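Student: kindly generate the corresponding structure for this input.
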Amino acid sequence: MSKRMLPALALILAWAPTAGASGFQLREQSASGQGNAFAGASAGAQDISSMYWNPAAMALFNGTQMSLGASYIKATMDLSGAKGTRAPGFQPSQQPISGAPDLPNAVNQPVVPALYLSRALSDQWFLGLSVNVPFGLKTEYPGSFVGRYYALTTDLKTYDVSPALAWKDDQWTLGVAFVARKAEATITNAVDFGAIGSSMAVPGLTPGGADGGATLTGDTWCYGYKLGATWSATPALRLGAAYQASTTVDIKGHVGYQGVPAAFGGSIVDGAAEAKIKLPATASAGFTCEVSPRFSVQGEMAWTQWSSFKELRVTFASGQPDDVTQENWKDTMFYSLGAIWKINPQWALKGGLAYDRSPTDNRDRTPRIPDSDRTWVAVGLGWSVTPQATVDFGFTQIFAPDVKVDLQSGTSPSDPNYYRGNLTGTYKVGITIFALAAHYQF
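Tutor: Okay, here's the model as predicted:
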């Protein structure tokens, strides 16, 4: 019986993309890069924060460098026209699930910090360190949400610590970074104990009449690496490329239940669970070209192998059968073009456009991550306070088309969403980003 209630446990891994992807990856790792939509990031277009994408980029900057910044992401995710109905097996057919059809913004995105350090060990060798929050999202719905059996709270955080080593000669830089990533997750959803009991002919239980809850917490460490290179083809043109290897995440979690009716007689109990997934590899390439001493253009593209995200498989310490959720995510591409105009020795004006594809579609989109394709419009301003110190400000408005959720319950208790019901609705998604950073050369 508990297996039918625990498909939500697999959602602990639904947030686990790798660098360079859509979904809810936090690309916002650099205020200077934010200003031109991260165009040329793989080519080290601006400062050492490019080492987040390409560890070889830090060798383009001499001496000892430090960059400290943060990005504030104001995301909106408004749901309208939502409708929930129970699976056809419950009578009367298409019985509605209670809940308001419209729901204001459920997203709560914190400030995203980033720290970068690099030091020239010699004319050719460089040592660096970056600390980032590459993924993170918090969505919260009220307990009366019509889609409560799919999602209530999703609180996801990751922390990366990446030491890096780079080498350079007159034209080339090469770099490698080790990635240590800590991931934490808390996920909750309502459980329709009434529907489960009704399907088992438990006296006194009816669909929607005995809602309870499930809470899943989990954390893990995982490890990976990045490789990168840049090539100065001419004094005015530099190209860069980087790769991040796939990693295997092993989430160890605990599931706890609230409001379990006494009629279940202790058959639904708290316990440990574990899930593994292979995260996709990513690759990026970019360029920066100096058109004149005061004006330059940049470009960037990044690919994520989301097609490797085939399934979520959860195993339980209790010995119950594995819970398997099939995924249908697709490979994605990110494209951006930007420009930097040095108004004078102190001030630089930046701008950029970008397009970011979503890995999911209406059939697979869930209330936890109602992602959509995104178009970026970015502007930025750089201020050289002294020859050693600069400050960067970046602003981005991201436009996204309305997207639909169309989740189907199936017709049999063996279907993962049978007790969650059908859920349809339309999300209006918008994102505004403000970023600020300071850079200092010792």
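
Student: beta partners of Val111?
Tutor: Tyr72 (DSSP bridges).

Student: ok, it touching Glu28?
Tutor: No: the pair Val111 and Glu28 fails to qualify as a contact (Cβ atoms under 8 Å) at a distance of 9.9 Å. All C-beta spots, glycine's among them, are computed from the backbone N, C-alpha and C.

Student: what touches both of those two?
Tutor: Here Val111 and Glu28 share the contacting residues Ser71, scored by Cβ atoms under 8 Å, 6 or more residues apart in numbering.

Student: poorly predicted segments of the chain, please.
Tutor: Low-confidence segments of the chain, defined by pLDDT under 70: 1-25, 93, 109-110, 311-312, 314, 318-327, 362, 364.

Student: go with 50
Tutor: Judged by pLDDT under 50, the chain has its weakly predicted residues at 1-21.

Student: now the residue of it most remote from its centre: closest residue in space, sequence neighbours ignored.
Tutor: Among the C-alpha atoms of the chain, the one most distant from their mean position (Cα atoms, centre = their mean) is that of Pro203, at 43.9 Å. The shortest distance from Pro203 to any residue that is not its chain neighbour, by Cβ to Cβ, 6 or more residues apart in numbering, is 7.3 Å, and that residue is Ala263.

Student: contacts only, for that neighbour.
Tutor: Under the criterion of Cβ under 8 Å, 6+ apart, the contact partners of Ala263 comprise 197, 202-205.

Student: dump these to a markdown table, plus secondary structure.
Tutor: Shown next, in a markdown table, are the contacts of Ala263 (DSSP: H, G, I helix; E, B strand; the rest coil):
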| residue | secondary structure |
| --- | --- |
| Gly197 | helix |
| Val202 | coil |
| Pro203 | coil |
| Gly204 | coil |
| Leu205 | coil |
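
Student: give me the buried entries from these.
Tutor: Of the members of those, the ones counted as buried by neighbours, 16 or more other Cβ atoms under 10 Å, are 197, 202, 205.

Student: with respect to Met301, which of those is nearest?
Tutor: Distances from the buried ones among the contacts of Ala263 to Met301 were compared by Cβ to Cβ; the smallest belongs to Gly197, at 52.6 Å.

Student: report the contact partners of the closest one.
Tutor: Each residue near Gly197 by Cβ under 8 Å, 6+ apart is listed here: 204-205, 210, 261, 263-264.

Student: kindly report the same for Leu349.
Tutor: By Cβ under 8 Å, 6+ apart, the neighbours of Leu349 are 340-341, 343, 379-381.

Student: and the two most separated of those residues?
Tutor: Every pair in the contacts of Leu349 was compared (Cβ to Cβ); the two farthest apart turn out to be Ile343 and Val379, at 13.5 Å.

Student: so these two - more neighbours on which side?
Tutor: Applying other Cβ atoms under 10 Å to Ile343 and Val379 shows that Val379 carries more neighbours, namely 18 against 11.

Student: quick one: the more buried one and Trp341 touch, right?
Tutor: No: using Cβ under 8 Å, Val379 makes no contact with Trp341, being 11.3 Å away.

Student: need the overlap of contacts for those two.
Tutor: Shared contacts of Val379 and Trp341, defined by Cβ under 8 Å, 6+ apart, are found at 349-350.

Student: what's the closest of the contacts of Leu349 to Gly425?
Tutor: Sorting those by distance to Gly425 puts Val379 at the head of the list, at 33.4 Å, by Cβ to Cβ.

Student: paired strands for the helix or strand harbouring Thr215, with orientation please.
Tutor: In this structure, Thr215 is located in strand 211-232 according to DSSP states H and E. According to DSSP bridges, the neighbouring strands of strand 211-232, each with its direction, are strand 172-192 (antiparallel), strand 237-244 (antiparallel), strand 248-258 (antiparallel).

Student: CA atoms only for that strand - export them in PDB, please.
Tutor: Once side chains and other backbone atoms are set aside, the C-alpha atoms of strand 211-232 remain, and they are given as PDB (Å, rounded to 0.1, in the frame of the first residue of the first chain):
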ATOM      1  CA  ASP A 211      -5.900  14.400   3.800                       C
ATOM      2  CA  GLY A 212      -2.500  13.900   5.400                       C
ATOM      3  CA  GLY A 213       1.000  14.700   4.300                       C
ATOM      4  CA  ALA A 214       4.400  13.400   3.400                       C
ATOM      5  CA  THR A 215       7.700  15.100   4.100                       C
ATOM      6  CA  LEU A 216      11.000  14.100   2.500                       C
ATOM      7  CA  THR A 217      14.400  15.400   3.500                       C
ATOM      8  CA  GLY A 218      17.700  14.300   2.000                       C
ATOM      9  CA  ASP A 219      21.200  15.400   1.400                       C
ATOM     10  CA  THR A 220      24.400  14.200  -0.300                       C
ATOM     11  CA  TRP A 221      27.800  15.100  -1.500                       C
ATOM     12  CA  CYS A 222      28.800  14.400  -5.100                       C
ATOM     13  CA  TYR A 223      32.000  15.100  -7.000                       C
ATOM     14  CA  GLY A 224      32.900  16.000 -10.500                       C
ATOM     15  CA  TYR A 225      35.300  18.000 -12.700                       C
ATOM     16  CA  LYS A 226      35.500  20.700 -15.300                       C
ATOM     17  CA  LEU A 227      37.900  21.100 -18.200                       C
ATOM     18  CA  GLY A 228      38.500  24.200 -20.400                       C
ATOM     19  CA  ALA A 229      40.700  26.000 -22.800                       C
ATOM     20  CA  THR A 230      41.000  29.400 -24.500                       C
ATOM     21  CA  TRP A 231      42.800  30.300 -27.700                       C
ATOM     22  CA  SER A 232      43.900  33.800 -28.700                       C
END
